[in-house]
Structures are given as structure tokens and as C-alpha cells.
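> structure, please.
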Amino acid sequence: MTESPSMRSSRDALVLFLLITALLSFAWGCVEQDEEDVDLDPTGDTQDDQTICGRDWESELQPFFDNYCVRCHSEYQMGTARNGAPEGYNWDSQDEVLAAGELIIEQLRDDGAMPPSAPYPGKQEKDRIISWLDCALSSGGN
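Next up is the predicted model:
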């Protein structure tokens, strides 16, 4: 039994369709989807939760706390590794730092109070953090 030209044409179209579908499915599966690249904010607001008073937490402020504070004031430090830092005084995130803002300002203004050991922040670094905290606290964190 031989195929008619119309049957062969239909079969070829089906095979082509299945091949294209398989290739597209494979290609789509290989595309890495990054949730941060998806704009879920319909308002078009470009300021993210990490930017307060014109300063970006991750790139401009967190390095200060990483270098001078979280070696004691971190939820990941326990017992004697906290070097006397009270439990609950953790400054791993912007929210935690803002919640303790007044205390942090007080400690930064008291030369020699914190950190208790080297390395120590310079005056310019401390002034930058104090200025940011003053702004953030007076503006309600906006």
C-alpha cells in the first residue's frame, strides 16, 4: 500500500509541528528565569526596599555593618562568639539596623564604644552611617 501525496504531506506537517514544539519546549526549559528581573510593581516605582534616603543598603551601607558590627551583632553568632553583644541586637539586615537606629547612632557618636576591637571605622564612615540613620529615622524609613 502506497501513501498518497496528501497523506505524506499531512504526515510531514505533523512531524514538522512536533519537532518545532519539542525544540521550543527544550529552549524554553533552558532559559534561566530570574525573579528579580521580573517587574511585579504595576505602579512603575523604581525605588526598591533597599534604598532609603538615597543610599542603597546592599552596596553602600551593609558593608559597614559587615565590616564592623555583625562579627558580634548577628543572628548567626551565639554565646561567647557574640563578645558580649546582647541577644536580639542583630544587625544583619536593614530592618534590624533601622529598628536599633537610635542605639547605633549613640554608639557611633561615643568614640571608642563600638566596635570593641579592631578594625575600627573611620570618622567619615561613622558620619555617613549616622547621617543615613538620622535621615531614615526622621523620614520613617523612606
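> what's in contact with stretch 88-103?
49-50, 52, 57, 61-62, 65, 69-70, 73-76, 104, 133, 136-137, 141 (Cβ atoms under 8 Å, 6 or more residues apart in numbering). Heads up, the C-betas are built off the backbone N, CA and C, glycines and all.
> mind listing what's buried along it?
89-92, 94, 96-98, 100-101 (16 or more other Cβ atoms under 10 Å).
> any of the contacts of stretch 88-103 buried? List them.
Buried by 16+ other Cβ under 10 Å: 52, 57, 61-62, 65, 69-70, 73-74, 104, 133, 136, out of the contacts of stretch 88-103.
> just to revisit the earlier point, so which of the contacts of stretch 88-103 are in helices?
62, 65, 104, 133, 136-137 (DSSP state H).
> in the chain, which spans are strands?
51-52, 55-56 (DSSP state E).
> who are the packing partners of the first one?
Counting contacts by 3 or more Cβ pairs under 8 Å, 6 or more residues apart in numbering; DSSP states H and E, strand 51-52 packs against helix 123-138.
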